[in-house]
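Novice: Dropping the sequence and predicted coords here.
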Amino acid sequence: MKIKPLFDKIVIEAVEAEEKTKSGIVLPNTAQEKPQLAKVIAVGPGGLVDGKDVVMQLKVGDKILYSKYAGSEFKIDGKDVTILRQSDVLAVVE
């Protein structure tokens, strides 16, 4: 299924979190924090949002850091994805 976000929305897929600490302790899934690093898999066109013209700064393939509790999570074609606003993105990771 192809996802086409609207307006200033982006679709992201989380990058897998580390399962071990630096000292080698294995963390169970329940102890791991929600990942905040993700890959952009779809970008909306931007446009007029809440009376302001929004130009999209992100593109498909960008790795980003985003707010911990931002967006809405969905399962599409067996993948966990999150849809959020471009303004919820904190930084692009290069």
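Specialist: Now that the structure is in, tell me what you want to look at.
Novice: Now do the contacts for the most centrally placed residue in the chain.
Specialist: The chain has residue 12 as the residue nearest its centroid, 3.5 Å off, counting by CA atoms, centre = their mean. Counting by CB atoms under 8 Å, 6 or more residues apart in numbering, residue 12 touches 38-41, 64, 66, 71, 81-84. C-beta: built from backbone N, CA, C; applies to glycine.
Novice: and with 7 Å instead?
Specialist: Residues near residue 12 by CB atoms under 7 Å, 6 or more residues apart in numbering: 38-41, 64, 66, 81-82, 84.
Novice: got the buried residues for the worst-scoring helix or strand of the chain on mean pLDDT?
Specialist: The weakest-scoring helix or strand in the chain, judged by mean pLDDT, DSSP states H and E, is strand 47-49 (a mean of 88). Within strand 47-49, the residues that qualify as buried by neighbour count (16 or more other CB atoms under 10 Å) are residue 49.
Novice: Filter the contacts of residue 12 down to the buried ones and hand me the PyMOL line.
Specialist: This is how PyMOL selects the buried members of these, with burial counted by 16+ other CB under 10 Å:
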select buried, resi 38+40+41+64+66+81+82+84
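Novice: pretty sure residue 93 is touching residue 63, no?
Specialist: Yes: contact criterion CB atoms under 7 Å: residue 93 and residue 63 qualify, at 4.3 Å.
Novice: how about the closest residue to residue 72 other than its chain neighbours, what does it touch?
Specialist: Nearest non-adjacent residue to residue 72, counting by CB to CB, 6 or more residues apart in numbering: residue 83, 5.5 Å away. Contacts for residue 83 (CB under 7 Å, 6+ apart) come out as 5, 9, 11, 71-72, 74.
Novice: again, but for residue 87
Specialist: Counting by CB under 7 Å, 6+ apart, residue 87 has no contacts.
Novice: so how far is residue 76 from it?
Specialist: Distance of residue 87 to residue 76, computed by CB to CB, to the nearest Å: 23 Å.
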